[in-house]
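S.K.: Next comes the sequence, and after it the predicted model I'd like to discuss.
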Amino acid sequence: EAQVTQNPRYLITVTGKKLTVTCSQNMNHEYMSWYRQDPGLGLRQIYYSMNVEVTDKGDVPEGYKVSRKEKRNFPLILESPSPNQTSLYFCASSLRGRGTSSTDTQYFGPGTRLTVL
Amino acid sequence: GDSVTQMEGPVTLSEEAFLTINCTYTATGYPSLFWYVQYPGEGLQLLLKATKADDKGSNKGFEATYRKETTSFHLEKGSVQVSDSAVYFCALRSEKLVFGKGTKLTVNP
């Protein structure tokens, strides 16, 4: 089954304790992206990756890191989480990246609800 | 930059009522337009899309028409069901995917 998976689905942590949220897709997609969803703000893009070893900042990258060593995986790293990073996080992928691939559908993971105390 | 504005919710309807959720956009170039749906506790799923002017996207009884002259992509359904209760996001994709803030729909029996 074609899907995007994220782990963990729920996480409660404390300020400053490094954490990683994993994301994996089995559709051989080139493009992967991370979003955060907050009430009244909709979805905002954190980072994206056009392909292996190619990553770039989205709209709200501060406090986050990503890596893309393999095509299928795109982990989100919070080196020193803070309470303002409490949010619902979604990973997404699509066949190709931006620009001329504007018709591509993005497929979303089930979400990771993170609480930073 | 590109942006999407959709009607603020929440929207509460009775079963079998007519639904309209307004969506307008601002974009350079010719974006593709999407409606995504998020059911409680789940991720976003593509509901329908349209890739050029006057295209009509449809799925599960929902429809939306790409209106370039009014820069709109309003979502409609003739008769909603309780199972349609969800949050609906309008989005455009040109250089990147840009979402509206979402509209929560509750359908009561």
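M.R.: Everything's here; your move.

S.K.: any residue of stretch A:8-19 up close to chain B?
M.R.: No - legend: contact between stretch A:8-19 and chain B by Cβ under 8 Å from any Cβ of the partner chain is lacking; minimum distance shown is 9.5 Å. Using the backbone N, CA and C atoms, a C-beta is placed for each residue, glycine as well.

S.K.: Show the end-to-end separation of that stretch, please.
M.R.: End-to-end span of stretch A:8-19 (Cα to Cα, to the nearest Å): 10 Å.

S.K.: For it, give me every contacting residue.
M.R.: Stretch A:8-19 has contacts (Cβ atoms under 8 Å, 6 or more residues apart in numbering or on different chains) with A:21, A:77-83, A:110-117.

S.K.: Please apply the same query to stretch A:86-93.
M.R.: A:4, A:6, A:21, A:23, A:25, A:27, A:29, A:31-38, A:43, A:46, A:74, A:76, A:106-109, A:111-116, B:43-44.

S.K.: And for stretch A:48-63?
M.R.: Contacts of stretch A:48-63 (Cβ under 8 Å, 6+ apart): A:30-36, A:44-47, A:66-71, A:74, A:78-82, A:85, A:97-98, B:96.

S.K.: which of the contacts of stretch A:8-19 are close to chain B?
M.R.: Among the contacts of stretch A:8-19, chain B is touched by A:110-111 when using Cβ under 8 Å from any Cβ.

S.K.: Let's test this: name the helix or strand in chain B with the lowest mean pLDDT.
M.R.: Within chain B, no helix or strand scores below strand B:97-99, which has a mean of 88 by mean pLDDT, DSSP states H and E.

S.K.: could you say what helices and strands whichever helix or strand comes after that one packs with?
M.R.: With elements assigned by DSSP states H and E, the helix or strand that comes after strand B:97-99 is strand B:103-108. Contacts defined by 3 or more Cβ pairs under 8 Å, 6 or more residues apart in numbering or on different chains; DSSP states H and E place strand B:103-108 against strand B:11-14, strand B:19-21, strand B:86-93.

S.K.: From what I see, A:Leu117 and A:Pro83 are in contact.
M.R.: Yes - at 7.1 Å, A:Leu117 and A:Pro83 qualify as touching, with contact defined as Cβ atoms under 8 Å.

S.K.: Enumerate the residues of chain B near chain A.
M.R.: Residues of chain B lying near chain A (Cβ under 8 Å from any Cβ): B:31-32, B:34, B:36, B:42-46, B:49, B:51, B:89, B:93-97, B:99-102.
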